[in-house]
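Visitor: just the structure for this:
(chains A and B)
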Amino acid sequence: MADAALFEFLHTEMVAELWAHHSDPGPGGQKMSLSVLEGMGFRVGQALGERLPQETLAFREELDVLKFLCKDLWVAVFQKQMDSLRTNHQGTYVLQDNSFPLLIRMASGLQYLEEAPKFLAFTCGLLRGTLSTLGIKSLVTASVASLPTCKFQVVIQKT
Amino acid sequence: MAVCVAVIAKENYPLYIRSIPTENELKFHYMVHTSLDVVDEKISAMGKALVDQRELYLGLLYPTEDYKMFRKLHNSYTDVMCNPFYNPGDRIQSRAFDSMVTSMMIQVC
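Guide: This is a model prediction of the structure:
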């Protein structure tokens, strides 16, 4: 497996690049960049969703898919497992990572809190994309109260 | 052995379909849709039974040794997915995928 730092550096550059040439520095432009990042993560998640579960047994239920995200997907991309998974058993899941690798080099505490969402957008898309390939439509958002701990909220969309 | 290979998207339209001989495509299209109904039936009947990937495949149609074939197909499909020029939902136009399917179809024919 390639050095984890490679992806971290690439991701940092992606975020920097999107914010460097901002034609619209207001909230509209910000949202656009966040959507672009989320879209990238989505496409990557779609491909990973096909490749990763190759040796895994078929998923029996939704919770198994979420567990797969927390263990196998997280280990493949971030070399660690998710620290906690909570659910209300009604289609909402909260995945918490206490030392998220993309935030850990930034700060420890409240410094750079406003910048954190930029570094979570790609990963939200990643989760949404993997879920999409596994047959689940969802909405994924992230929140940070204090770096490097972050929570990803997955809300299953019932069609 | 394989006279027709089809890859169907989640939304029930074909991403890729090929048959030997090259006529009778419409007939195969219908067969593919019928087999999709069989798949749906089997999945809804399964509920919480313990299933592993191989059983899912074999149990769905009829038990054959074609698990290897399915594996190869899925691996090639995964490669197509990873191609940055491929947008999920498009028709599959990859030449590599084509040649893999050809090799599969002429193998035991």
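
Visitor: use CA for all of it now, contacts and neighbours both
Guide: OK.

Visitor: pLDDT-wise, which helix or strand of chain B ranks last?
Guide: helix B:53-60 (a mean of 48; mean pLDDT, DSSP states H and E).

Visitor: now do the helices in chain B.
Guide: For chain B, helices defined by DSSP state H occupy the ranges B:25-46, B:53-60, B:67-82, B:95-107.

Visitor: could I get the CA-only coordinates of the first one as PDB?
Guide: Listed in PDB are the C-alpha atoms of helix B:25-46, where the atom choice follows Å, rounded to 0.1, in the frame of the first residue of the first chain:
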ATOM      1  CA  GLU B  25     -30.300  -9.200 -30.200                       C
ATOM      2  CA  LEU B  26     -33.900  -8.200 -29.500                       C
ATOM      3  CA  LYS B  27     -34.600 -11.700 -28.300                       C
ATOM      4  CA  PHE B  28     -31.700 -11.500 -25.900                       C
ATOM      5  CA  HIS B  29     -32.800  -8.100 -24.700                       C
ATOM      6  CA  TYR B  30     -36.100  -9.600 -23.600                       C
ATOM      7  CA  MET B  31     -34.400 -12.600 -22.000                       C
ATOM      8  CA  VAL B  32     -32.100 -10.300 -20.000                       C
ATOM      9  CA  HIS B  33     -35.200  -8.400 -18.700                       C
ATOM     10  CA  THR B  34     -36.900 -11.600 -17.800                       C
ATOM     11  CA  SER B  35     -33.800 -12.800 -15.900                       C
ATOM     12  CA  LEU B  36     -33.800  -9.500 -14.100                       C
ATOM     13  CA  ASP B  37     -37.300 -10.300 -12.800                       C
ATOM     14  CA  VAL B  38     -36.100 -13.600 -11.600                       C
ATOM     15  CA  VAL B  39     -33.200 -11.900  -9.800                       C
ATOM     16  CA  ASP B  40     -35.700  -9.500  -8.100                       C
ATOM     17  CA  GLU B  41     -37.900 -12.400  -7.100                       C
ATOM     18  CA  LYS B  42     -35.000 -14.300  -5.600                       C
ATOM     19  CA  ILE B  43     -33.700 -11.200  -3.700                       C
ATOM     20  CA  SER B  44     -37.000 -10.300  -2.100                       C
ATOM     21  CA  ALA B  45     -37.500 -13.900  -1.100                       C
ATOM     22  CA  MET B  46     -34.200 -14.100   0.600                       C
END
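
Visitor: hmm, back to that, quick one: the helices of chain B as TSV, columns for distance to A:S108 and mean neighbour count too.
Guide: Putting these into TSV (distance: least, C-alpha to C-alpha, whole Å; neighbours: other C-alpha atoms under 10 Å in any protein chain shown) gives the following:
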stretch	distance to A:S108	mean neighbour count
helix B:25-46	47	13
helix B:53-60	43	16
helix B:67-82	35	17
helix B:95-107	48	14
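
Visitor: tell me who's in contact with the nearest residue to B:S76 once chain neighbours are set aside.
Guide: In this structure, B:S76 finds its nearest non-sequential neighbour in B:F97, 6.1 Å apart by C-alpha to C-alpha, 6 or more residues apart in numbering or on different chains. B:F97 makes contacts with B:76-77, B:80, as judged by C-alpha atoms under 8 Å, 6 or more residues apart in numbering or on different chains.

Visitor: what of B:F28?
Guide: Contacts of B:F28 were listed using C-alpha under 8 Å, 6+ apart, and they are B:4, B:19.

Visitor: again, only using 7 Å
Guide: Contact analysis of B:F28 by C-alpha atoms under 7 Å, 6 or more residues apart in numbering or on different chains lists nothing.

Visitor: same question for A:F42.
Guide: A:F42 touches A:125-126, A:128-129, counting by C-alpha under 7 Å, 6+ apart.

Visitor: in helices, which of those residues fall?
Guide: A:125-126, A:128-129.

Visitor: just for the chain, where's the confidence low?
Guide: No chain in the question, so chain A it is. For chain A, the stretches with pLDDT under 70 are A:1-2, A:23-25, A:57.

Visitor: wait, chain B
Guide: B:1-2, B:21-23, B:42-66, B:108-109.
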